[in-house]
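Test case, fold it:
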Amino acid sequence: GFDGIRVVQALTDREWQAVRLLRQKYFFDKVPSADPDAWTFNHADHAHLVLYKGSKIVGYAHIQLWPDKRADLRMLVIDEEYRNSSIGSDFLKICERWLKEQGITTINIQCSLAADQRK
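Numbering: from 1, shown residues only. All right, here's what the predicted structure looks like:
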């Protein structure tokens, strides 16, 4: 019956399938190209976070980690059904808090957004 939000690093087959689907649907369906950053799925310097609402995956973030305690938020996606409900802002805050817990001191938000403000 839990209907709150939680964030995890993509780990399970279901989570990776959702990552691929969200990236393709909101960023690469409009261009005749395969996902150019799929190689980051298996790279230690890239974190892929999944946002759950209850048991449903509704968002995704791609974060690039740098050795000098710096990180770049590369992509943030909220599924259209959940936009304009503040869940995108909540997700961003959770991502920032997670990065601070990892020892990151500088967070650059220079990403492609498919979230609340782009509806």
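
On the strand side of things, show who the residue nearest to Ile5 when sequence neighbours are not counted bridges to.
Take Ile5 and drop its neighbours on the chain: the residue closest to it by Cβ to Cβ, 6 or more residues apart in numbering is Lys53, 5.4 Å away. C-betas here are computed from N, CA, C, even on glycine. According to DSSP bridges, Ile5, Lys56 are recorded as the beta-bridge partners of Lys53.

Got the confidence number for Lys53?
Lys53 is assigned a predicted lDDT (pLDDT) of 96.

how many neighbours does the spatially closest residue to Ala47 that is not a sequence neighbour have?
Spatial nearest neighbour of Ala47, excluding adjacent residues (Cβ to Cβ, 6+ apart): Ile63 at 4.4 Å. Under the neighbour criterion other Cβ atoms under 10 Å, Ile63 is assigned a count of 24.

and if you look at His43?
Once other Cβ under 10 Å is used to define contacts, His43 is seen to have 12 neighbours.

all strands of the protein, in order?
With DSSP state E applied, the chain shows strands at 5-9, 46-53, 56-66, 70-78, 106-114, listed in chain order.

now the ones you listed as a markdown table including distance to Ser86?
Below are these laid out as a markdown table (distance: least, Cβ to Cβ, whole Å):
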| stretch | distance to Ser86 |
| --- | --- |
| strand 5-9 | 10 |
| strand 46-53 | 12 |
| strand 56-66 | 12 |
| strand 70-78 | 10 |
| strand 106-114 | 15 |
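
Lowest average pLDDT across those strands?
Mean pLDDT across those is lowest at strand 106-114; the value there is a mean of 77.

residue contacts, the most centrally placed residue in the chain?
For the chain, the residue nearest the mean C-alpha position is Ala61 (1.0 Å; Cα atoms, centre = their mean). By Cβ atoms under 8 Å, 6 or more residues apart in numbering, the contact list for Ala61 reads Ala47, His48, Leu49, Leu51, Leu73, Met75, Leu76, Val77, Phe91, Cys95.

That concludes my questions; thank you for your assistance.
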